[in-house]
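[1] After the sequence you'll find the predicted model.
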Amino acid sequence: MKNITLSFMLSLVVSILFTAQTWADTIIPTAGATETFAVNDGDLITDDGGPGGDCTGQDVPGNYANCGCDTVTTYTGDGLELTFQEYGIFTDWDYLMIYDGVDTSGTLLYDARDNSDKTLVDFIASYGSDTVVSTTDALTLFFHSSTVVNRCGWEAVASVDGGTPPPPPPPASNDIELYALYPWPGGAPDVAMYMYNVDTDAITLDPSFSYTTGNSDNFGFDYNPQDALIYVLGNSWNNRDLFSYDPQTDTYTFIDDIVSVGGNTYPQDIAFGWDGTLYIVFKSGEINTYDIGTGTMSTFTNVATGGAVGLTYDFDNYQLLYVVNRSPIQMYGIDISTGVVTSLFSFDTPGVTGCSAQAIEYVGNGKCISSSTFGCDIIYTVDINTQATNLLLNPTGSFDSIKDLMIMSETESPYIACPEDIVANNDPGVCGAVVNFGDAVCIDPEDGVIPTTQTEGLASGSVFPVGVSTV
């Protein structure tokens with residue numbers, strides 16, 4: 001869900017804030033009643049009109065009642081906090097008071113009568129925060145509503161310690177198939193498979209699995225989550241070429257000779273991003289993107305340190321990880337949005353010093369699994385958060401050198417993005433502003449782009465009123 005918060009600022013500026021949010025339960029008090037509710041973490045707390053309403057309009061569904069009454073509502077929970085996301089009260093006639101305690105004898109934390117707050121911006125300016133914190137594990141909201149006019153009221157999210165949040169999704173299995181590519185097969189079998197557990201680092205070679213690419217030399221391979229094909233970088237006819245492999249039909253297909261935009265003919269490794277973008281790293285330090293459909297190579301970025309290098313995609317942080325095959329091994333992070341290169345850290349291979357990390361694959365939770373190309377018969381992990389390494393196999397049991405590693409089991413979560421924050425200016429005399437925003441984006445590693453549908457709120461291009469709207 002996208003929450004769109006609009007409020008007049010100086011010069012009558014309308015601010016629109018987008019966040020992704022879901023609620024456990026919605027608690028709506030009864031107008032004129034005195035009630036107590038035990039809340040859970042993530043509950044949505046509203047005025048007696050419920051969610052929605054019009055913060056500038058009168059008698060709109062979702063507005064609080066014109067009841068000429070006092071509504072006293074107490075919320076309880078360990079370490080209770082209420083974070084206000086909507087606030088619209090016509091304080092010339094109506095007002096809200098918040099007490100720290102189980103009734104109105106508690107400490108008065110907020111009194112709208114002192115400041116005539118009408119909007120969320122006013123509330124934050126007066127109280128000093130959008131979050132009201134209890135020291136007694138209870139907050140009491142006293143609201144007086146006249147019979148004159150009404151507005152949208154308020155919406156706040158409850159946070160409690162030890163509450164009952166919505167149940168998490170069932171955990172995915174962390175046993176994955178890990179494939180290893182031999183660099184110099186000369187037509188012999190050159191792909192092996194291990195079963196690897198990301199959590200425990202347990203790894204076992206499957207001796208029954210074997211595959212032969214037919215290449216004389218191999219340089220890298222990776223799985224494309226958008227078309228479910230494996231792409232291999234190898235030598236066939238004295239060139240370094242790109243091939244595709246369809247596991248469903250056992251079809252191995254030549255695609256193109258691979259040469260960088262700068263003319264380098266030594267591609268070293270490939271990696272696919274979450275959106276199916278193919279990144280190719282060259283011995284020159286160039287990283288290009290290659291459009292499989294059109295055969296077009298484009299400049300992406302350049303790493304000053306080239307040579308024999310490895311490349312993988314960190315799907316948790318949306319970055320490429322680039323390692324240089326020397327001792328100590330240097331790791332770089334590359335932002336896929338900007339191409340900015342950042343030196344992360346250097347490390348040595350565990351157990352056997354002086355080896356490489358040219359075969360490297362990100363497997364989730366800050367962990368890469370790696371092997372060495374030139375005679376170091378080991379498989380190990382590298383934690384990019386702690387910089388720790390852990391030797392898993394010595395020897396590997398498959399090949400005495402491994403050029404690349406690849407996972408096909410999808411450990412990635414769907415990529416979800418909401419529109420960025422927007423600030424729009426209204427025209428003089430107009431109580432609102434036209435706001436245009438793009439759709440939310442959802443890309444699943446297995447299913448690709450998933451269509452999104454707006455189920456609530458004003459459409460893009462509408463005139464948004466002052467106050468808070470939910471889309």
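    Right, received. Where do you want to start?
[2] Return the residues in contact with Ile45.
    Neighbouring residues of Ile45 by C-beta atoms under 8 Å, 6 or more residues apart in numbering: Ile27, Val39, Tyr75, Leu82, Trp154, Glu155, Ala156, Val157, Ala158. Backbone N, C-alpha and C define where each C-beta goes, glycine included.
[3] and it, that one's in a strand?
    Yes - judged by DSSP: H, G, I helix; E, B strand; the rest coil, Ile45 forms part of a strand.
[4] Where does the closest residue to it other than its chain neighbours fall, secondary structure wise?
    Using C-beta to C-beta, 6 or more residues apart in numbering and skipping the chain neighbours, the partner closest in space to Ile45 is Ala156 (4.5 Å). Mapping Ala156 onto the secondary structure by DSSP states H and E places it in strand 153-159.
[5] Counting neighbours, which of the contacts of Ile45 comes out on top?
    With neighbours defined as other C-beta atoms under 10 Å, the most crowded of the contacts of Ile45 is Glu155; it has 27 neighbours.
[6] Bridging across strands, which residues link to that residue?
    Per DSSP bridges, the residues bridged to Glu155 are Thr46, Glu86.
[7] how near is it to Leu139?
    15 Å (C-beta to C-beta, to the nearest Å).
[8] in the stretch 51-200 of the chain, which spans are strands?
    69-76, 81-88, 95-100, 107-111, 131-133, 138-145, 153-159, 175-181, 191-197 (DSSP state E, counting those that start in this stretch).
[9] what is the orientation angle of the second one with strand 69-76?
    Using axes from the mean of the first three to the mean of the last three C-alpha atoms, to 10 degrees, the inter-axis angle of strand 81-88 relative to strand 69-76 is 150 degrees.
[10] what about the strands of the stretch 51-200 of the chain, which gets the closest to Gly273?
    strand 175-181 (19.0 Å; C-beta to C-beta).
[11] from the middle of its chain, how far away would that closest one be?
    Mean-position distance between strand 175-181 and its chain equals 25 Å (C-alpha atoms, centre = their mean, to the nearest Å).
[12] any idea of the mean pLDDT in it?
    Per-residue pLDDT over strand 175-181 has a mean of 89.
[13] repeat for stretch 138-152
    91.
[14] Show me what counts as buried in that stretch.
    Ala138, Leu139, Thr140, Leu141, Phe142, Phe143, His144, Ser145, Asn150, Arg151, Cys152 (16 or more other C-beta atoms under 10 Å).
[15] So which of those is the closest to Ala180?
    Leu139 (57.9 Å).
[16] What distance do you get for the closest one to Gln85?
    For Leu139 relative to Gln85 (C-beta to C-beta), the value is 16 Å.
[17] Kindly report the same for Val434.
    Taking C-beta to C-beta, one finds Val434 at 23 Å from Gln85.
[18] These two: who's more crowded?
    Higher neighbour count among Val434 and Gln85: Gln85, with 19 against 14, using other C-beta under 10 Å.
[19] my read: that one touches Ile124, true?
    No - using C-beta atoms under 8 Å, Gln85 makes no contact with Ile124, being 11.0 Å away.
[20] Show me where the stretch 251-400 of the chain has its strands.
    Here the stretch 251-400 of the chain has its strands, by DSSP E, counting those that start in this stretch, at 251-257, 267-272, 278-282, 286-291, 296-302, 309-314, 319-324, 329-335, 341-347, 359-364, 367-371, 379-383, 389-393.
[21] Looking at those, which is nearest to Leu205?
    Closest among the strands of the stretch 251-400 of the chain, using C-beta to C-beta: strand 389-393, at 8.1 Å.
[22] just for this protein, where's the confidence low?
    Along the chain, the model assigns pLDDT under 70 to residues 1-24, 162-174, 236-238, 306, 375, 409-429, 437-450, 466-468, 471.
[23] Does Met195 touch Asp206 like I think?
    Yes - using C-beta under 8 Å, Met195 is in contact with Asp206, at 6.3 Å.
[24] Count the residues that sit near Leu205.
    Counted with other C-beta under 10 Å, Leu205 comes out at 17.
[25] In this model Ala192 seems to touch it, though I could be wrong.
    Yes - the pair Leu205 / Ala192 is scored as a contact, 6.7 Å apart, by C-beta under 8 Å.
[26] Overlap in contacts, the two.
    Ser398.
[27] and stretch 72-86, how far from the chain's centre?
    On C-alpha atoms, centre = their mean, the centre of stretch 72-86 falls 28 Å from that of its chain.
[28] To clarify, my last question referred to stretch 203-211.
    Worked out by C-alpha atoms, centre = their mean, stretch 203-211 lies 34 Å from the chain centre.
[29] Pull up the distance across that stretch, start to finish.
    Stretch 203-211 stretches 19 Å from its first residue to its last (C-alpha to C-alpha, to the nearest Å).
[30] What residues sit buried inside that stretch?
    Ile203, Leu205, Tyr211.
[31] and of those, the nearest to Cys69?
    Ile203 (67.6 Å).
[32] So that closest one sits against Leu393, correct?
    Yes - counting by C-beta under 8 Å, Leu393 is a contact partner of Ile203 at 6.2 Å.
[33] Report how many residues lie close to Ser105.
    9.
[34] That should have said Asn115, apologies.
    15.
[35] For the residue nearest to it when sequence neighbours are not counted, which residues are in contact?
    Distances taken as C-beta to C-beta, 6+ apart put Ser126 closest to Asn115, at 4.5 Å, once the chain neighbours are dropped. Contacts of Ser126 were listed using C-beta under 8 Å, 6+ apart, and they are Tyr110, Asp114, Asn115, Asp117.
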